[in-house]
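> everything below, folded, please.
(one chain, ligands or ions: 2)
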Amino acid sequence: MSTYIRVIKCKAAIAWEPKKPLSIEEVEVAPPKAHEVRIKIVATGICRTDEHVISGAMTTPFPILLGHEAAGVVESIGAGVTSVRPGDKVIPLFAPQCGECRSCRSSKGSLCIKNDLAAPCGLITDGTTRFTCRGKPVHHFLTTSTFTEYTVVDESAVVKIDAAAPLEKVCLISCGFSTGYGAAVRTAQVEPGSTCAVFGLGGVGLSTVMGCKAAGASRIIAVDINKDKFAKAKMLGATDFVNPQDYKKPVQEVLVEMTGGEGVDYSFEVIGHTETMMAALASCHMSCGTSVMVGVPPSASQITLDPMLLFTGRTWKGSVFGGWKSKESVPKLVADYMGNNINLDALITHTMPFDRINEGFDLLNQGKRLNSLFINLVCKYFPLNYPPNIEIGTYMQ
Ligand code: COD
Ligand code: ZN
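Ligands and ions are numbered 1, 2, ... in the order given. I've put the predicted structure just below:
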């Protein structure tokens, strides 16, 4: 049985075309169809990937309703939805878990076939959209679209969480935190006593540092060209700090020397550059080292590889959403936060109202520019507080 069906008119930030600020507009959000869920978004973060769409670095159809790192409350459900009910606190999942595809059935893979990451089409499962603005259809983003007061997602792309969870914090579990933390505890499966190196100390890299620490690594080498990032990395568990620009030799040689000529057990590239991906690979032990790629390189970039780097036994892995199976893992990560086992607060640098979302992007870009001048300004997260005017259950049959 579905809940009451009506179109909702609400506020949303629309990207009409690349390289332009988002436009706050009234949108119409259609009711959820069968196996879909309509969510009142309460808090959302701005992730670098949203910015990649605006800058044109990531190709998607336009107009599009961006945002994918959020938390909210179920407003209504379509027929056949069984895992959530109106009033439930939920997290939307940019990496869905349908439970049926080969990735979902495998104990190794995690990138569900229902993802819209690899070649974004911006449509919901039946090939249409639930958003209309100024009479035009607007595309969905990464099966979520959270820069709006209401969104519609497939049931595979949403999960119920603890009713007591503070949504303006746990929204980070929806992308950045889980991506970085899971790269260490799930994709790499860092072991107690091991030595790790984390390249890049943005919000995602700091989450990787937290993951290495939680997994019991005895040494965590933090690598960044911005030395102002080291204080927070230290607070979260990093033990050694390397600014590659302090050395004449390549950073991989520095790390190999620091580890008695052996290389680290686990290295993580959390920047998204091909050169640092190669440096991270070469930094890990030649036969038993594992290197994990967390950052996404610019579209169409290529890597030329000395095959000996892998022939000797190194393992090179990629990690999307930290390798988590999202539906089963996100509620557990929320429980970890509620139990004070993970620190999301350290990742939040700004909180602002939804209407100022373009200022959030300005801060993100300003931080990026300043970072390139080696001045620390921001981590990337800006949870945005929406007006708390939710009318839960009003529309239930
Ligand atoms: N050597 C060392 N450090 C460097 C270098 C370098 N050559 N260049 C930059 N850095 C440092 C910067 O000083 C900065 O501190 C850090 O690297 C990067 O931090 P941010 O804040 O720019 O980045 P994050 O942490 O917000 O995100 C980084 C990612 C690479 C993870 C992100 O951009 C990305 O690619 N995300 C996609 C991953 C994914 O799963 N996407 C799906 C949905 S998001
Ligand atoms: Zn993201």
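> in the stretch 1-150 of the chain, which residue sits nearest ligand 2?
Taking C-beta to the ion as the measure, the point where the stretch 1-150 of the chain comes nearest ligand 2 is Cys47, at 3.1 Å. (Each C-beta comes from the backbone N, C-alpha and C, glycine too.)
> residues touching that residue, list them.
Contacts for Cys47 were tallied using C-beta atoms under 8 Å, 6 or more residues apart in numbering; they are His68, Glu69, Cys175, Gly176, Lys380.
> residue ranges of the helices in the stretch 251-397 of the chain, please?
Read by DSSP state H, counting those that start in this stretch, the stretch 251-397 of the chain holds these helices, from start to end of the chain: 251-258, 274-283, 308-311, 326-338, 357-372.
> rewinding a little: which one of the contacts of Cys47 has the most neighbours?
Cys175 (32 neighbours; other C-beta atoms under 10 Å).
> from ligand 2, how far off is Lys248?
Spatial separation of Lys248 from ligand 2 under the definition C-beta to the ion, to the nearest Å is 36 Å.
> what sits against the closest residue to Val296 other than its chain neighbours?
Distances taken as C-beta to C-beta, 6 or more residues apart in numbering put Gly272 closest to Val296, at 5.3 Å, once the chain neighbours are dropped. Residues near Gly272 by C-beta under 8 Å, 6+ apart: Gly200, Gly295, Val296, Pro297, Pro298.
> could I get the contacts of Cys47 as TSV with secondary structure, pLDDT and distance to ligand 1?
Compiled in TSV, the contacts of Cys47 are given as follows (DSSP: H, G, I helix; E, B strand; the rest coil; pLDDT from 0 to 100; distance: C-beta to the nearest ligand atom, whole Å):
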residue	secondary structure	pLDDT	distance to ligand 1
His68	coil	93	6
Glu69	strand	92	7
Cys175	coil	93	5
Gly176	helix	91	6
Lys380	coil	36	4
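> identify the farthest-apart pair in those residues.
Distance extremes for the contacts of Cys47: the farthest pair is His68 and Lys380 at 13.3 Å, using C-beta to C-beta.
> report how many residues lie close to Val7.
Neighbours of Val7 under the rule other C-beta under 10 Å: 11.
> same question, Glu26
Under the neighbour criterion other C-beta under 10 Å, Glu26 is assigned a count of 11.
> that one - that's part of a strand, no?
Yes - with DSSP: H, G, I helix; E, B strand; the rest coil as the criterion, Glu26 is located in a strand.
> can you start the count at 52 instead of 1 from here on
Understood, numbering begins at 52; the last thing we discussed is Glu77.
> residue contacts, the spatially closest residue to it that is not a sequence neighbour?
In space, not counting the residues next to it along the chain, Glu77 is nearest to Lys60; the distance is 5.6 Å by C-beta to C-beta, 6+ apart. With contact set as C-beta under 8 Å, 6+ apart, Lys60 has these partners: Glu77, Val78, Glu79, Val80.
> show me what contacts the third one?
It stands for Glu79. With contacts defined as C-beta under 8 Å, 6+ apart, Glu79 is in contact with Val58, Ile59, Lys60, Phe182, Thr183, Cys184.
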